[in-house]
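J.: quick one: sequence plus predicted model below, questions after.
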Amino acid sequence: MKTMGRRSFLGMAGMLSAAGLAVSSANGAEGAESNQPPFKLKYAPHFGMFENLAGKDLLDQLRFAWDQGFRAWEDNGMPGRPPRMQEKIGAEMARLGMEMGVFVACADFENVTFVSDDPAVREKLVADMRNAVEVAKRVNAKWCTVVPGQYDRKLPWDYQTANVIENLKYCAEVCEPAGLVMVLEPLNPHTDHPGLFLTRIPQAYQICRAVNSPSCKILDDLYHQQITEGNLIPNLDRAWSEIAYIQVGDNPGRKEPGTGEINYRNIFRHLHRKGYAGIVGMEHGIAGEGREGELALIAAYRAADDFPTT
């Protein structure tokens, strides 16, 4: 960890104390107590989220998050990092006792991919999953995000669905021996991602049931689903057997809980009561700016995590 000057450290500590938080000058050695207790759920920040408080060094950001009570992390861009850096991230997370969440294994937002029956397209998808398996080994990841791409304007919808299922079966054959789980992410077509094939939780549920593999499950991003269909808790319950991963972000704005219309305190309580032991990815931006914005982000999760457990 980079050495922080005494004046900088005292300034940061004062800001955090004012927000009811704490910061440690230690590296967070294995088995050490963090200054803040772990959250009830495994909320997972991502790189850059605490850059003003922890600095630009990626490992310092992990240590800072651990010290604030976060016990998980996610990084969409992990496959693009050098393998040696992936290994360093994986080793530091293992030392801290943090769990790695998703990285993006396959997501083309511009082209027809999974809905195609072209053998060359399928070969590319399978190659992407082989690469994902290697990345997962370096960072001790169990899940990777898959976005099935654009829908085909010239092909009937049911044929496209059948092609998606078939392509996912081929990809699952790569993932199953490695214990890697593809999580399919439905994305909203109204605000962020028009033209994509997969948009709804019931649609993802149907596909996962048809693929029938432990390596093909659902990523339920509640920000996207609030826009597309709402009814968040009932859809969680109906699709529960196929949901392996949760992501959050408030709406409108896609910022931290408390900045929009979603009652995340109730949703987190519901997940806790269901015994959810998985990760809740913080797949959103920050409403504020600089250190103050990052402190407000942490405080927002403390507030949303303050739900009754009985």
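T.: Here it is on my side, so go on. Since the structure is predicted, the reported quantities are computational estimates derived from the model, not experimental observations. Numbering: from 1, shown residues only.

J.: which positions within the strand or helix carrying residue 303 qualify as buried?
T.: Residue 303 belongs to helix 290-304 when assigned by DSSP states H and E. Residues of helix 290-304 classed as buried: 291, 293-298, 300-302, 304 (neighbour count, 16 or more other C-beta atoms under 10 Å). Any C-beta I mention is one placed from the backbone N, CA and C, and that applies to glycine too.

J.: elements contacting it?
T.: Contacts defined by 3 or more C-beta pairs under 8 Å, 6 or more residues apart in numbering; DSSP states H and E place helix 290-304 against helix 6-18, helix 51-54, helix 264-273.

J.: worst mean pLDDT among the ones you listed?
T.: Note on the helices and strands packed on helix 290-304: lowest mean pLDDT is at helix 6-18, with a mean of 39.

J.: just checking, next helix/strand downstream of it?
T.: Moving toward the C-terminus from helix 6-18, the next helix or strand (DSSP H and E) is strand 42-44.

J.: pLDDT on that following strand, on average?
T.: Per-residue scores along strand 42-44 average to 99.

J.: ok, residues contacting it?
T.: Residues from elsewhere that reach strand 42-44 (C-beta atoms under 8 Å, 6 or more residues apart in numbering): 70-74, 99, 101, 277-282, 301, 305.

J.: and the spatially closest residue to residue 62 that is not a sequence neighbour, helix, strand or coil?
T.: The shortest distance from residue 62 to any non-neighbouring residue, by C-beta to C-beta, 6 or more residues apart in numbering, is to residue 92 (5.6 Å). Secondary structure assignment for residue 92 (DSSP: H, G, I helix; E, B strand; the rest coil): helix.

J.: mind putting the buried residues of helix 290-304 in JSON lines, distance to residue 188 included?
T.: Formatted as JSON lines, the buried residues of helix 290-304 follow (distance: C-beta to C-beta, whole Å):
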{"residue": "291", "distance to residue 188": "31"}
{"residue": "293", "distance to residue 188": "25"}
{"residue": "294", "distance to residue 188": "26"}
{"residue": "295", "distance to residue 188": "29"}
{"residue": "296", "distance to residue 188": "25"}
{"residue": "297", "distance to residue 188": "23"}
{"residue": "298", "distance to residue 188": "27"}
{"residue": "300", "distance to residue 188": "22"}
{"residue": "301", "distance to residue 188": "23"}
{"residue": "302", "distance to residue 188": "28"}
{"residue": "304", "distance to residue 188": "22"}
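
J.: widest-spaced pair of the residues you listed?
T.: Pairwise distances across the buried residues of helix 290-304 (C-beta to C-beta) peak at 20.6 Å, for the pair 291 and 304.

J.: low-scoring stretches of the protein, by residue?
T.: Low-confidence segments of the chain (pLDDT under 70): 1-34.

J.: in it, which spans are helices?
T.: 6-18, 51-54, 58-67, 83-96, 119-139, 157-175, 201-211, 222-228, 232-238, 264-273, 290-304 (DSSP state H).
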